[in-house]
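Chemist: No letters, just coordinates:
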């Protein structure tokens, strides 16, 4: 007798979104407690999806101090050396290696799509459901999203080009990643790996060149959390305010101040609806 397709079969055949989150090492954290708090909020946000067809892969040296657990979250411990404190390029390599290992590990779930998520950001709870509704898409770049300063009662909407500012900003078909082979994760990564794993600003052009164009996500996809004390890019600028790249992009003090004023004027109150949609809550002060 033909029993038909079981619920388990349907689950296995459903499109699966895998979130991959690299976590910095405690050895380079300003506060491991703060890193753990930010991370816990992040995975609570990831696990608040309206669809159950998702997994979370956390790649880390040490498991963080969190009170939250979820059956869809798996931790992948690495054994390569942690980055040297204060060396920005070391931190980038560390992040890229963890993302690479996470992408390889995600293959066990046979995902249709993956999203790389910084461990201090929050995401829209509708992402997994949206992916399940569009299983054949090459993917999406997060065109609109929010920028949030830790502890603020306001939040700023980037109505366009959010992906140019935040690393948590693309969902790609898993097969789009041309992953280099790895043995133990200690091999250096080439420029091509960095292009896909770190350079979120180039994701539209790099995918188009491969004849795999991506679309704009049709709703705000993520919250970029700034000035929380543990963001490696902000730490770099604070420790080296005269770095050439920052100076080149900033024009002058008047332009910077004008941009900041515009951001303040276009910010909106942080409502309960936004908090619920992204799983955003206040981090306890340490």
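Modeler: Received, thanks. In this text, all values refer to a predicted model and were calculated from it rather than measured experimentally.

Chemist: Which residue ranges of the stretch 1-150 of the chain form helices?
Modeler: Using DSSP state H, counting those that start in this stretch, the helices of the stretch 1-150 of the chain run over 7-13, 32-46, 88-106, 127-133.

Chemist: Need those in a markdown table (columns: mean pLDDT).
Modeler: Shown next, in a markdown table, are the helices of the stretch 1-150 of the chain (pLDDT from 0 to 100):
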| stretch | mean pLDDT |
| --- | --- |
| helix 7-13 | 41 |
| helix 32-46 | 97 |
| helix 88-106 | 89 |
| helix 127-133 | 97 |
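
Chemist: Nearest to residue 141, out of those?
Modeler: Of all the helices of the stretch 1-150 of the chain, helix 127-133 sits nearest to residue 141, with 13.0 Å by CB to CB. Backbone N, C-alpha and C define where each C-beta goes, glycine included.

Chemist: Could you list every helix and strand in contact with that closest one?
Modeler: With contacts taken as 3 or more CB pairs under 8 Å, 6 or more residues apart in numbering; DSSP states H and E, helix 127-133 sits against strand 17-22.

Chemist: Show me what the strand it packs on pairs with in its sheet, parallel or antiparallel.
Modeler: strand 54-60 (parallel), strand 113-116 (parallel) (DSSP bridges).

Chemist: Give me the spatial nearest neighbour of residue 228, chain neighbours excluded.
Modeler: residue 150 (4.3 Å; CB to CB, 6 or more residues apart in numbering).

Chemist: contacting residues for that neighbour?
Modeler: Residue 150 is in contact with 225, 226, 227, 228, 229, 283, counting by CB atoms under 8 Å, 6 or more residues apart in numbering.

Chemist: in terms of contact, does the fourth one touch residue 152 like I think?
Modeler: Right, residue 228. No - Residue 228 lies out of contact with residue 152 (CB atoms under 8 Å); the separation is 11.1 Å.

Chemist: Reformat the strands paired with strand 17-22 as JSON lines; add mean neighbour count, mean pLDDT and distance to residue 15.
Modeler: Output for these, formatted as JSON lines (neighbours: other CB atoms under 10 Å; pLDDT from 0 to 100; distance: least, CB to CB, whole Å):
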{"stretch": "strand 54-60", "mean neighbour count": "24", "mean pLDDT": "98", "distance to residue 15": "10"}
{"stretch": "strand 113-116", "mean neighbour count": "26", "mean pLDDT": "96", "distance to residue 15": "7"}
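
Chemist: for those, which one sits closest to residue 156?
Modeler: That would be strand 113-116 among these, by CB to CB, at 21.8 Å.

Chemist: ok, residues contacting that closest one?
Modeler: Strand 113-116 has contacts (CB under 8 Å, 6+ apart) with 15-21, 99, 103, 106, 123, 127, 131, 137, 139, 167-168, 170-174, 177, 197, 200.

Chemist: rewinding a little: could you export the strands paired with strand 17-22 as a markdown table, including distance to residue 91?
Modeler: Listed next are these as a markdown table, based on distance: least, CB to CB, whole Å:
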| stretch | distance to residue 91 |
| --- | --- |
| strand 54-60 | 14 |
| strand 113-116 | 16 |
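
Chemist: Quick one: distance of stretch 61-76 to the chain centre.
Modeler: Using CA atoms, centre = their mean, to the nearest Å, the mean C-alpha position of stretch 61-76 is found 16 Å from that of the whole chain.

Chemist: How about that stretch, which residues are buried there?
Modeler: For stretch 61-76, a neighbour-count test (16 or more other CB atoms under 10 Å) marks 61, 62, 64, 66, 72, 73, 74, 76 as buried.

Chemist: Bridged to the nearest residue to residue 76 once chain neighbours are set aside, which residues?
Modeler: Counting by CB to CB, 6+ apart, residue 59 is the residue found nearest to residue 76 once chain neighbours are left out, at 4.8 Å. Taking DSSP bridges as the rule, residue 59 bridges to residue 22, residue 76.
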